[in-house]
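> model this:
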Amino acid sequence: MMWKAVLPGAVALVTIGLSLVSGEVVKRDSQSKQVLALATTAETAQPNPTTGSLPAAKAEPTVGTPIAGMPAGGLPAGRPVALVIGNAAYPDAGLPLAQPVNNARALADALREKGFDVELGENLTRHGIEHAFETFKSKIEHGSTALIFFSGFGIQAGRQTYLMPVNAHVWNEADVRRMGVNIEPLLGELDEKGAGAKLVVLDASRRNPFERRFRSGSLGLAGINAPDDTLVMSAAAPGKVVSDRDGDVSPLLEELVGQIRASGNSAEAVFARTRIAVSQASHREQVPWVASSLVQDFSLAPAEEPAKSRQSAN
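Have a look, this model is predicted:
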């Protein structure tokens, strides 16, 4: 009967042994996990070979925290871009105009100084204008300020303004709509692309060179139905015309370029001062027209880096 007395003690010894073995296994498993974790950390944070120190841990971005270089209101604005066109040689309209090409070159230089990426075109056909516009549009990023300048013949048809290419052959208003480039859809495309402030300068309020072929027609340019956040200036009010005067550039462009280079004023201030100066200098014979629906300020401040420029082909 001795085995009955020994049996409880043996069972106790076996239980203790199993507990010790189990505890050792758990301990080893825990140590293995710690070693694995340390190895993973070592792989992702290698010491600097020069100093031997580990890099600082990267802070995870917090939702709602602005990133450096991003405006509080959203994505950063892209670089300002400009399409600058001077059309002077119209074979179907008589002698070439003296100032449009000079106007375009002068403005392109001033805009480059202010950091604009300029697409410059001279004596463009309709295809050339369309190609230049597509190239210009492709440069627009979210919030980019976009400027369109045209110097040459602009014609009103159906209460809309058309920029005339140099290969236009016009006998009636239908030809104007067929050959000309309507400014309003262009502005709509810029708005859809995500452009910010849209600036338009039209030095095209000349007398229609084809008006004798028309049975009826409207003088000057039409008012422009532009999207919000647009600033427009033309050489004269809608329905009025101005004649080219002596000089390498037009009075409008001479004053505008001077105002752009003079200071870092807002675009609205630059356009307003240009209008006043031209009006006073001409004794109100020429009063440029300015219309604005801007919802943001755009300062024509000096550029920190030189801007790119390229010239479009016909």
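> mind listing what E122 touches?
Contacts for E122 (CB atoms under 8 Å, 6 or more residues apart in numbering) come out as I85, G86, N87, A88, V101, A104, R105, Q311. In this view, the C-beta of every residue, glycine as well, is placed from N, C-alpha and C.
> wait, isn't Q160 in contact with A222?
Yes - Q160 is within contact range of A222, at 5.4 Å (criterion: CB atoms under 8 Å).
> and the two most separated of the contacts of E122?
The span of those, defined through CB to CB, is set by A88 and Q311 at 14.8 Å.
> between these two, which has more neighbouring residues?
A side-by-side neighbour count of A88 and Q311, using other CB atoms under 10 Å, places A88 first with 20 against 14.
> in a strand, that one, correct?
No - under DSSP: H, G, I helix; E, B strand; the rest coil, A88 sits outside any strand and is assigned coil.
> relative to V101, how far out is E184?
25 Å (CB to CB, to the nearest Å).
> more neighbours: which of the two?
Using other CB under 10 Å as the criterion, E184 and V101 rank with V101 on top: 23 against 15.
> same for the helix or strand encompassing the more buried one, what does it pack against?
Assigned by DSSP states H and E, V101 belongs to helix 100-113. Secondary-structure packing of helix 100-113 (3 or more CB pairs under 8 Å, 6 or more residues apart in numbering; DSSP states H and E): strand 81-86, strand 117-122, strand 146-151, strand 198-203, helix 251-262.
> got the angle between the first one and helix 251-262?
Between strand 81-86 and helix 251-262, the angle comes out at 150 degrees (axes from the mean of the first three to the mean of the last three CA atoms, to 10 degrees).
> name the strands paired with strand 81-86 and say parallel or antiparallel.
Note on strand 81-86: by DSSP bridges, its sheet partners are strand 117-122 (parallel), strand 146-151 (parallel).
> got any residues that touch both of Q160 and A222?
Residues touching both Q160 and A222 (CB under 8 Å, 6+ apart): there are none.
> now do the strands in this structure.
81-86, 117-122, 146-151, 154-157, 160-163, 181-182, 198-203, 230-234, 289-292, 309-312 (DSSP state E).
> quick one, the first one and helix 100-113 angle?
In terms of direction (the same axes, to 10 degrees), strand 81-86 departs from helix 100-113 by 160 degrees.
> who's in contact with strand 81-86?
Strand 81-86 is touched from outside by 100-105, 107-108, 111, 116-124, 129, 132-133, 136, 139-140, 144-152, 163, with contacts defined as CB under 8 Å, 6+ apart.
> show the contacting residues for A204.
F150, S151, G152, F153, G154, T161, L163, L221, S234, A235.
> which one among those residues gets closest to F271?
Nearest member of the contacts of A204 to F271, counting by CB to CB, is S234, at 10.6 Å.
> rewinding a little: format the contacts of E122 as TSV; extra columns: pLDDT and distance to A174.
Shown next, in TSV, are the contacts of E122 (pLDDT from 0 to 100; distance: CB to CB, whole Å):
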residue	pLDDT	distance to A174
I85	98	24
G86	98	27
N87	98	21
A88	97	25
V101	98	29
A104	98	29
R105	98	34
Q311	61	32
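> looking at those, which one is closest to F214?
Proximity of those to F214 was ranked by CB to CB; the top entry is N87 with 20.3 Å.
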